[in-house]
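>>> Model the structure of this input:
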Amino acid sequence: MRLITVAGPPSCGKTSVLLRTCAALKKKGVACAVIKFDCLQTRDNLAYHDADIPATAVLSGGLCPDHFFATNLEETFEWAKNTGAECCVIETAGLCNRCSPHLRGALGLCVIDNLMGIDAPQKIGPMLKLADLVLVTKGDLVSQAEREVYRHRIRQMNSRAIIRHINGLTGQGCQELATVLAMAPDIVSVTDMRLRFAMPAAVCSYCLSETRIGSRYQKGNVKKAEFGDAHVV
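Numbering: from 1, shown residues only. Prediction:
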């Protein structure tokens, strides 16, 4: 089964792009299934159901979404297998910008939109830096010059990825993306596969439900900030 991870900030257009792309895959005779990882709430799985695409949504709730994703990957893969899918697409919106869901040996996509600000590619971190394919949405809402500058900023962060402009509303670029997904590496099992990026260490009192403020309540991996001199005008 092909396995594709699709990551990107909330509201950048991931689901719109994937709806069009999965529909194009169906027309090619490739059955796909989508698993949406989110934190607290999502209705994106209903949009896939309306498009007659097998889909489910899982919520991390009070857990770190990144760790929740990694600890449920085997079950996710088996769920997609049981639907009869030839292509398993994992859409992640709950990941923080420090992490990346992409796996070594599987196709990794990052979706980013043109309206996020010129410095967004630098802020997004490893989910963009380690992607094989970077999809840029909302290009129709900015000028050609802005698109070019944004593309340059993405290239500065990831020199090897293929960068494509895509539009989930009009379907521009989705047929081509479906062709790429249909040629993704075939994966037999995710067991023993490895993440491309180690998750940041974050085992502290607040990871264990501590709510009180104060150094005496802080244990484990605690990092104190260094503050520079105040600038007085």
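>>> contacts and neighbour counts: CA atoms only from here.
Will do.
>>> send the alpha carbons of the worst-scoring helix or strand of the chain on mean pLDDT over as PDB?
Between all helices and strands in the chain, the lowest mean by mean pLDDT, DSSP states H and E belongs to helix 65-71, at a mean of 82. The C-alpha trace of helix 65-71 is given here as PDB (Å, rounded to 0.1, in the frame of the first residue of the first chain):
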ATOM      1  CA  PRO A  65      -0.500  15.400  19.000                       C
ATOM      2  CA  ASP A  66       2.900  14.600  17.600                       C
ATOM      3  CA  HIS A  67       3.400  11.700  20.000                       C
ATOM      4  CA  PHE A  68      -0.200  10.600  19.500                       C
ATOM      5  CA  PHE A  69       0.500  10.400  15.800                       C
ATOM      6  CA  ALA A  70       3.600   8.300  16.200                       C
ATOM      7  CA  THR A  71       2.100   5.900  18.800                       C
END
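>>> after it, next one along is what?
helix 73-82 (DSSP states H and E).
>>> could you pull out the strands for this structure?
Taking DSSP state E, the strands of the chain run over residues 2-7, 32-38, 55-59, 87-92, 107-113, 133-137, 162-165.
>>> residues touching the residue nearest to D119 when sequence neighbours are not counted, list them.
Distance criterion Cα to Cα, 6 or more residues apart in numbering; nearest residue to D119, sequence neighbours excluded, is R153 at 7.6 Å. With contact set as Cα atoms under 8 Å, 6 or more residues apart in numbering, R153 has these partners: 118-119, 121-122.
>>> Out of the residues you listed, which two sit at the greatest distance?
I118 and Q122 (8.8 Å; Cα to Cα).
>>> pLDDT below threshold where in this structure?
94-96, 201-202, 231-233 (pLDDT under 70).
>>> What are the boundaries of the helices in it?
Shown for the chain, the helices assigned by DSSP state H span residues 14-27, 44-50, 65-71, 73-82, 120-124, 126-129, 144-157, 174-182.
>>> With respect to burial, which of these scores highest?
Mean neighbour count, computed with mean count of other Cα atoms under 10 Å, is highest for helix 126-129 among the helices of the chain, reaching a mean of 25.
>>> Quick check: L40 touching V58?
No - using Cα atoms under 8 Å, L40 is not in contact with V58, being 9.2 Å away.
>>> Name the residue in these two with the higher neighbour count.
Using other Cα atoms under 10 Å, the more surrounded residue of L40 and V58 is V58, with 18 against 12.
>>> List the contacts of the more buried one.
Here V58 is in contact with 35-38 (Cα under 8 Å, 6+ apart).
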